[in-house]
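In: next input, structure requested:
(3 chains)
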Amino acid sequence: MDEQPRLMHSHGVGMAGHPGLAPHMQDGATAADGEARKQDIGDILQQIMTITDQSLDEAQARKHALNCHRMKPALFNVLCEIKEKTVLSIRGAQEEEPPDAQLMRLDNMLLAEGVSGPEKGGGSAAAAAAAAAAGGAGSDNSAEHSDYRAKLSQIRQIYHTELEKYEQACNEFTTHVMNLLREQSRTRPISPKEIERMVSIIHRKFSSIQMQLKQSTCEAVMILRSRFLDARRKRRNFNKQATEILNEYFYSHLSNPYPSEEAKEELAKKCSITVSQVSSASAVTAPSRVSNWFGNKRIRYKKNIGKFQEEANMYAAKTAVNAANASAHGSQANSPSTPNSAGSAGSFNMSNSGDLFMSVQSLNGDSYQGAQVGANVQSQVDTLRHVISQTGGYSDGLAASQMYSPQGINANGGWQDATTPSSVTSPTEGPGSVHSDTSN
DNA sequence: ATGTATGATTTGCG
DNA sequence: CGCAAATCATACAT
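Out: Take a look at the predicted model:
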């Protein structure tokens, strides 16, 4: 209470110096009793200041009396104005509310993911679109996607309920505070503007909570996406037939194992048909999977030719057999330089002819050319089988490399450069000048 | 559990 | 944009 005089003084001065005071004071008053009024006000202030000294009942009564005082509205108006001035000058600067890029981003993302925005129908459609866009590599959608969608809608539901809850809480709190302030405005000077400001403060607080909600929802969606749509996680090996087909192509085009787009398509069709891998997306996906396969195969073959020796021999034999059968069946006078590779699409025959010839040749260690294809297929097959069974136990790349020698490839296509691993390379040039294929 | 095989992705080049 | 190389992450075998 010791500062009571100062306060009173300052108030008094404030009022006295306030131009806005005049209208309030002039309601039917003469200048003569202005002094009396001033005294009156002084009394009122005095009472306000001492209110805490009084007992509750006393205070209540006093409050009521004050409330009923005819000067009360005027006084409050003045106080409000003063407050307005000071508070505004303090707060005015930080009142600015930037559009908030962060929030915009979150909103956009949620919208894009189909979490926020229109309900069920549009939402799940957006989700499906997002899924399709993200799952470019594909995989069978139906099961995965429904699962994904289920989880996403779960997230969406949580998000919406939480949002609603926040909204409701915000409204409740706001109205509560507003009521409180309105109530209090009867007993202390509170301007409507202040209430407004308070409301906006509350809204800001709640919207920051909302932002957190949005952020964590975004995170959840991201996690969900990475878990469900990352094709890597859903990797599934090709089945046996598919690998067979691909390998056949690879080894029969060893000099140039780069299937064209059409070839990839063809292979993809063949593989996925055999796989009976339904999945609508595979139409777009399959060729790229084939590309992946060839990319991996090339690199891995090159990296360790020895390891692929057996496989190479096997497929070479297989192709040879196929070729033999095909040409035998066809009963055409096959020119030796162009044995058909039955396993591959027609458009590649030209480029593969050399490979097939070479592989068979080196398998036999003799000129395949001499044994005319149609002549005794069976014996050739036997020979090949024999060779293969001999090769079976190989673990040493160097020895094996002579069976199915990669150097021919070097001479031929050169797709593996000079980077052939040391163990495998045997500098001997291809026996009898390998038919470099005359493709194109 | 551990190691290997393998499909997919990333990175960098031309 | 396709490729090689490195890398990741899973499927599969032991």
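In: run through the stretch 151-300 of chain A and note the low-pLDDT ranges.
Out: For the stretch 151-300 of chain A, the stretches flagged by pLDDT under 70 are A:223, A:225-234, A:273-285.
In: recalculate using a threshold of 50.
Out: A:276-283 (pLDDT under 50).
In: helices along that one, start to end?
Out: A:192-228, A:240-252, A:261-275, A:282-303 (DSSP state H, counting those that start in this stretch).
In: for DNA strand C, find the nearest of those.
Out: helix A:282-303 (4.5 Å; Cβ to the nearest atom of the strand). The way it works is simple: take the backbone N, C-alpha and C, and place the C-beta from them, glycine included.
In: now do the closest one against helix A:240-252, angle only.
Out: Between the axes of helix A:282-303 and helix A:240-252, defined by axes from the mean of the first three to the mean of the last three Cα atoms, to 10 degrees, the angle is 50 degrees.
In: tell me the first helix or strand C-terminal of helix A:282-303.
Out: Per DSSP states H and E, the first helix or strand lying C-terminal to helix A:282-303 is helix A:309-330.
In: could you give the mean pLDDT of that following helix?
Out: Summarised as a single mean, pLDDT over helix A:309-330 is 77.
In: so it versus helix A:240-252, what angle?
Out: Using the same axes, to 10 degrees, helix A:309-330 lies at 90 degrees relative to helix A:240-252.
In: which strands and helices lie in contact with helix A:309-330?
Out: In terms of contacts (3 or more Cβ pairs under 8 Å, 6 or more residues apart in numbering; DSSP states H and E), helix A:309-330 is packed against helix A:240-252, helix A:349-364, helix A:377-391, helix A:397-403.
In: what are the C-alpha coordinates of that helix, in PDB please?
Out: The C-alpha coordinates for helix A:309-330 follow below in PDB (Å, rounded to 0.1, in the frame of the first residue of the first chain):
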ATOM      1  CA  GLN A 309      31.400 -70.500 -65.300                       C
ATOM      2  CA  GLU A 310      29.100 -73.400 -64.500                       C
ATOM      3  CA  GLU A 311      26.100 -71.400 -65.200                       C
ATOM      4  CA  ALA A 312      27.500 -70.100 -68.400                       C
ATOM      5  CA  ASN A 313      28.300 -73.600 -69.600                       C
ATOM      6  CA  MET A 314      25.000 -74.800 -68.700                       C
ATOM      7  CA  TYR A 315      23.100 -72.200 -70.600                       C
ATOM      8  CA  ALA A 316      25.400 -72.400 -73.500                       C
ATOM      9  CA  ALA A 317      24.700 -76.100 -73.700                       C
ATOM     10  CA  LYS A 318      21.000 -75.400 -73.400                       C
ATOM     11  CA  THR A 319      21.100 -72.900 -76.100                       C
ATOM     12  CA  ALA A 320      23.100 -75.100 -78.200                       C
ATOM     13  CA  VAL A 321      20.600 -77.800 -77.800                       C
ATOM     14  CA  ASN A 322      17.800 -75.500 -78.600                       C
ATOM     15  CA  ALA A 323      19.600 -74.300 -81.600                       C
ATOM     16  CA  ALA A 324      20.300 -77.700 -82.700                       C
ATOM     17  CA  ASN A 325      16.700 -78.800 -82.200                       C
ATOM     18  CA  ALA A 326      15.400 -75.800 -83.900                       C
ATOM     19  CA  SER A 327      17.600 -76.100 -86.900                       C
ATOM     20  CA  ALA A 328      17.100 -79.800 -87.100                       C
ATOM     21  CA  HIS A 329      13.400 -79.300 -87.000                       C
ATOM     22  CA  GLY A 330      13.500 -76.600 -89.500                       C
END
